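J.: I'll drop the sequence and a predicted model, then ask my questions.
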Amino acid sequence: MCRLLLGLVLVLGLASSASADQAADIVAEADRFRRPADSFVWKITITSQEAKKTPSVDGFEVFVKGGGRVFVRFVAPPRSVGRSLLALGRDLWIYLPDAGKPVRIPLSQRLVGQVANGDIARADYAGDYDATLTGEDALDGVACHVLDLKAKTKDVTYSAIKYWVSKEGRRPVRAEFYAGTGTLLKTGTFDNFRDVGGHLLATRLTLTDAIRKDKRSVLDYGEVSVRELPDKYFDKNYMKTLD
Amino acid sequence: MRRVVAAAILLLGAAASACADEGEPPEWLKALRLRGRLAEEFAYRLHDPGDVSKLKTLGWLEGKYAFSDAVAVRAAVRGWYDAVFDATDRYPANVERDQKTDISLREALLTVGRGDFDVRLGRQQIVWGEAISVFITDIVNPKDFREFVLPDFSELRIPIWALDFTYRLTEGVSFEGVWTPDTMHNRLPKQGAEFQFARLPYRFRNPVVHLPDDADEFSLARSEGGFRLSLLRRGWDVSLIYYDEADKSPVFFQRRVAQPPRPDVIVIDPQHPRVHVVGATLGKSFEPVVVRAEAAYTIGKRYETTDPLDLDGVVRRDTLDWLVGVDYTFFERLDTALQLSQKVLMGSATNLTRPGVAARVTTSLALRLTTGFFDNTLNPTVLFVTGVNRGDFRLSPRIDYLLTGAVTLSVGADLFEGPHLTLYGQFDRNDRVTFTTTWRF
């Protein structure tokens, strides 16, 4: 009997581990649709809209390099030009021309509209979250895996994400972002998949406020330049020089 | 200097118009980046006599030309005209001469990078430190206090001609060296200005002669310099600094000069004694809380004293300034920054008269609250800073309204309270409301 129980525990343990591996693989593959290469520059436009109001448009130039290094230059509108963000893993700085120096800020602080700093500075769900495959669902006729992502540490933008990834091609489809209290903060949908420099990428992310459905921000990923970026671009002491 | 600035404005303006006239700029012009702002600043003094205290039109134009990823030149000019000196006659002529108009070169910089080595040579601001709204380790540039500490810090800092180089020793570790022969001092408001500092009490009843503060502003012999070693490991952002400089604030030495048979004359001689600053800064995010700290130990710091037995009216008190602050966002939308700072004198503070030094240990608290409404187009901010020892404080509420992506309207107030010879209490009668329109391009 003991042997039988031990065997059962082992089988269950292995099955659980295999499921976790599969979930991690799915998330890692979905991440690839949000990152064209290991080192690149990406232009992003964020259009924030609230019902019946004129949408505001913010432009960014995002420099990305492996190891979780992201430098974001604000290029529009004029009131934001001169600002920049630097993310090194989960450490984040903002450079404000009025202050004249980089200042440490949390990833969860809002950038514009429904967009948190971490939404732009971090695109590594596989690195930041532990994934569990919880079931299947169909969204607009697309069969999806449904995954629960739990933050590995407190140093990330969201405590948990419920993530829909298409079964075919493992593309990101939809995400629900939760606070530590379990409150739904916002939902995101990924679409406009395009071939950019030989990589199929999700070039639009729409974030909608969980309570005020008429408040939303659309992140449009535009021109991409894949090139090797110098390491010093990702040094907080170099932020002013890059301005 | 004014000619250089005027030429720079013309060059930048010509380049800008070339950009504007043609749909697609020529290749050489694509490497040029221009931006600027125009602001109209209005302030009304609330206390008797209630009156307009600022009617300033301010322009700022800056450009950067990148020859390559490694080499670039930058220039920035700022000018203003304050019509309050024509609209009212409440300020004396010396203040009008000092503050009515200004045109200055804010940046003229050559940046060259090769591998892990970067050099910045020219007129610039060199900013050290982690904290917001304080100068504990922000010690390289002198400051312009003609409007107290109310303008943005990039406006308060006076740019200096300097050589600034950085070498990245390894990932996350860099060494920065600074050298400058530009030994400019803090710029203080003239007597009769809106934010004139409280006058130090005299020790004697004798006649007084003030000598001018005429130390060289450009001197190889008195050049200043220092270094900063920065380290980033596992999110811990630490830097160590050392800086050798002349005290940027004047220290008023007093000496008695016999003039028999008349009474002795007290000569007040502003000097800038040499000081050595050793400091450290720290920043760390414990998501969602950010912690920052700074400390600076100033060796050779001197203060004025009212002790009648003191020969020169000045005593040395090495001084430790330190700060610790936390940032946290409440309810996902209220950005809060709380800072505690102390100035600790290595010795007695009895008879010391400088505002900002209330006791041997002077403690300050600062709280800043910021939020945004209507998709962050309406942004209220409140800054409250208080001197704990004597209860003086500054309260500055402000609302910024982003009318368009280029135009911002701001309404605010600066309220001061406290005993006369305290940092904020000295401006007890200078409470004001402000209205500013800023257009950026």
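T.: Arrived safely, thanks for sending. Because the structure is a prediction, the values reported are computed rather than measured. Residues are numbered from 1 along each chain as shown, chains lettered A, B, ... in the order given.
J.: State which one residue of chain B is found closest to chain A.
T.: Nearest to chain A in chain B, going by Cβ to the nearest Cβ, is residue B:405, at a distance of 2.5 Å. For glycine as for every other residue, the C-beta is placed from the backbone atoms N, C-alpha and C.
J.: tell me the secondary structure for that residue?
T.: Three-state assignment for residue B:405 (DSSP: H, G, I helix; E, B strand; the rest coil): coil.
J.: Can you list the low-confidence ranges for the chain?
T.: This is for chain A. Counting by pLDDT under 70, chain A has low-confidence residues at A:1-20, A:108-118, A:120-123, A:155.
J.: You answered for a different chain; I wanted chain B.
T.: Scanning chain B for pLDDT under 70 picks out the ranges B:1-24, B:202-203, B:215-216.
J.: Centroid-nearest residue for it?
T.: In chain B, the centroid-proximal residue (Cα atoms, centre = their mean) is residue B:156; its distance is 3.5 Å.
J.: you'd agree it is up against residue B:149?
T.: Yes. The criterion here is Cβ atoms under 8 Å, and residue B:156 meets it with residue B:149 at 6.4 Å.
J.: between these two, what contacts are shared?
T.: residue B:143 (Cβ atoms under 8 Å, 6 or more residues apart in numbering or on different chains).
J.: for the stretch 1-150 of chain B, what spans make up the strands?
T.: Under the criterion DSSP state E, counting those that start in this stretch, strands of the stretch 1-150 of chain B are mapped to B:32-45, B:51-66, B:71-82, B:101-114, B:117-124, B:146-149.
J.: Which residues are in contact with the residue of chain B closest to chain A?
T.: Taking Cβ under 8 Å, 6+ apart, we find residue B:405 in contact with A:56-57, A:76-80.
J.: now residue B:235
T.: Contact partners of residue B:235, counting by Cβ under 8 Å, 6+ apart, are A:89-91, A:155, B:284-285.
J.: Cross those residues against strands and list the overlap.
T.: A:91, B:284-285 (DSSP state E).
J.: Could you dump these into CSV with distance to residue A:34 added?
T.: What follows is the ones in strands among the contacts of residue B:235, written out as CSV (distance: Cβ to Cβ, whole Å):
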residue, distance to residue A:34
A:91, 21
B:284, 28
B:285, 23
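J.: Tell me the one among the residues you listed nearest to residue B:304.
T.: Closest approach to residue B:304 among the ones in strands among the contacts of residue B:235 (Cβ to Cβ): residue B:284, at 38.4 Å.
J.: so that closest one sits right up against residue B:233, yeah?
T.: No. Taking contacts as Cβ under 8 Å, residue B:284 lies outside contact range of residue B:233: 10.5 Å.
J.: Skipping adjacent residues, who's closest to the residue nearest to the centre of chain B in space?
T.: residue B:143 (4.9 Å; Cβ to Cβ, 6 or more residues apart in numbering or on different chains).
J.: number of nearby residues for the one you found?
T.: Look at residue B:143: counted by other Cβ atoms under 10 Å in any protein chain shown, it has 20 neighbours.
J.: what's the distance between it and residue B:158?
T.: According to Cβ to Cβ, to the nearest Å, residue B:143 and residue B:158 sit 7 Å apart.
J.: same deal with residue B:183?
T.: 12 Å.
J.: do the same with residue A:148
T.: Distance, residue A:148 to residue B:158, by Cβ to Cβ: 55 Å.
J.: For residue A:201, state which of the contacts of residue B:235 is nearest.
T.: The closest of the contacts of residue B:235 to residue A:201 turns out to be residue A:89 (Cβ to Cβ; 22.7 Å).
J.: who touches the closest residue to residue A:67 other than its chain neighbours in this structure?
T.: Excluding the flanking residues, the one nearest residue A:67 by Cβ to Cβ, 6+ apart is residue A:89, at 7.4 Å. By Cβ under 8 Å, 6+ apart, the residues touching residue A:89 are A:67-69, B:235.
J.: so can I have JSON lines of those residues showing distance to residue A:199 and secondary structure?
T.: Shown next, in JSON lines, are the contacts of residue A:89 (distance: Cβ to Cβ, whole Å; DSSP: H, G, I helix; E, B strand; the rest coil):
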{"residue": "A:67", "distance to residue A:199": "19", "secondary structure": "coil"}
{"residue": "A:68", "distance to residue A:199": "19", "secondary structure": "coil"}
{"residue": "A:69", "distance to residue A:199": "19", "secondary structure": "strand"}
{"residue": "B:235", "distance to residue A:199": "31", "secondary structure": "coil"}
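J.: With distance to residue B:107 as extra columns, can I get these in CSV?
T.: Shown next, in CSV, are the contacts of residue A:89 (distance: Cβ to Cβ, whole Å):
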residue, distance to residue B:107
A:67, 32
A:68, 32
A:69, 28
B:235, 32
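J.: Now list the buried members of those.
T.: Neighbour-count burial (16 or more other Cβ atoms under 10 Å in any protein chain shown) applied to the contacts of residue A:89 gives A:68-69, B:235.
J.: my read is residue B:183 is in a strand, agree?
T.: No. Counting by three-state DSSP, residue B:183 is not part of a strand but coil.
J.: isn't it right up against residue B:224?
T.: Yes. Counting by Cβ under 8 Å, residue B:183 touches residue B:224, with 6.0 Å between them.
J.: Which residues are in contact with each of those two?
T.: B:245-246.
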